[in-house]
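Asks: Fold the following and give me the result.
(chains A and B)
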Amino acid sequence: AQSVTQLGSHVSVSEGALVLLRCNYSSSVPPYLFWYVQYPNQGLQLLLKYTSAATLVKGINGFEAEFKKSETSFHLTKPSAHMSDAAEYFCAVRSSGSARQLTFGSGTQLTVLP
Amino acid sequence: DAMVIQNPRYQVTQFGKPVTLSCSQTLNHNVMYWYQQKSSQAPKLLFHYYDKDFNNEADTPDNFQSRRPNTSFCFLDIRSPGLGDAAMYLCATSEGLAGGPGTDTQYFGPGTRLTVL
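Replies: Model prediction:
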């Protein structure tokens, strides 16, 4: 079975500050990991994905995430928050070599304070 | 641009009155998915089509059905909506299923917000 846990359902940062959104995964086989962003009343937009190549993955809008097998983590970071980053962020996992679908975390709502 | 389109964006229906939500895609992807997302929750997979093959999640209520008449279109039918079915419904597509993340990365439409009165 696979799962992801997102620590912190709400995160607030000041504009220009570091963004850190936490995701820990559980998977019995090497996972594929994804981060999606959802703006109000919108669908999910893919930010980045880990595909077992480079452990540091760069995505859109200045976000990146690092896969750490020893910590079973895939935390999302951005060096400097912008007001437009305010949204809900979902981490998701899919186990490699199976036809199982994405399993999403419960989401983290990011607020950016002026 | 290739994309996933959902119509309508907002749908209001009455308790027990059948409703159909529409999804179309210009990506020519083999797989189409329907998710239900309730307020402040993660999306929950209802079912998916791989080409014409329909795959229902075990806990999807019988009240929810789907049709895929061709590659481009997929419909979600709710036969008798209850108040608990009010949610955002998300359609997604992927090129494949288990061929690796290059083919099974899911691309989402903007969603349809369903209100049940």
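Asks: tell me the SS of A:N61?
Replies: Per DSSP: H, G, I helix; E, B strand; the rest coil, the secondary structure class of A:N61 is helix.
Asks: Skip the chain neighbours and tell me the closest residue to B:Q106.
Replies: B:A92 (4.3 Å; CB to CB, 6 or more residues apart in numbering or on different chains). (Each C-beta comes from the backbone N, C-alpha and C, glycine too.)
Asks: which residues does the one you found contact?
Replies: B:A92 sits next to A:G43, A:L44, B:V4, B:M32, B:Y33, B:Y35, B:Q106, B:Y107, B:F108, B:G109 when contact means CB atoms under 8 Å, 6 or more residues apart in numbering or on different chains.
Asks: which residues does the second one form a beta bridge with?
Replies: Right, A:L44. Per DSSP bridges, the residues bridged to A:L44 are A:Q38.
Asks: quick one: it and A:Q38 touch, right?
Replies: Yes. With contacts counted by CB atoms under 8 Å, A:L44 reaches A:Q38, the gap being 5.0 Å.
Asks: Overlap of the contact sets of those two?
Replies: A:F90.
Asks: Settle it for me: which of the two has more neighbours?
Replies: Comparing A:L44 with A:Q38 by neighbour count (other CB atoms under 10 Å in any protein chain shown), the higher total belongs to A:L44, at 28 against 21.
Asks: ok, which stretches of the chain are helices?
Replies: Picking chain A for this. Using DSSP state H, no helices are assigned anywhere in chain A.
Asks: oops, I was thinking of chain B
Replies: Residue ranges of the helices in chain B, as given by DSSP H, are B:101-104.
Asks: residues in it within reach of chain A, list them.
Replies: B:4, B:6, B:9, B:33, B:40-43, B:45, B:48, B:88, B:90-92, B:97-98, B:100-102, B:104-111, B:113 (CB under 8 Å from any CB of the partner chain).
Asks: nearest residue to B:F73 other than its sequence neighbours?
Replies: Per CB to CB, 6+ apart, closest to B:F73 is B:S24, 5.1 Å.
Asks: same check, this time on B:S22
Replies: B:N7 (4.8 Å).
Asks: Local confidence estimate at the one you found?
Replies: On the pLDDT scale, B:N7 is placed at 89.
Asks: Quick check: bridge partners of the spatially closest residue to B:Q65 that is not a sequence neighbour?
Replies: Spatial nearest neighbour of B:Q65, chain neighbours left out: B:D77 (4.4 Å); criterion: CB to CB, 6+ apart. When bridges are assigned using DSSP bridges, the partners listed for B:D77 are B:T20, B:Q65.
Asks: hang on, B:D77 packs against B:N63?
Replies: No. Applying CB under 8 Å as the test, B:D77 and B:N63 come out as separate, 9.1 Å apart.
Asks: Quick check, central residue of chain B?
Replies: The structure's chain B has its C-alpha centroid closest to B:W34; by CA atoms, centre = their mean the separation is 2.4 Å.
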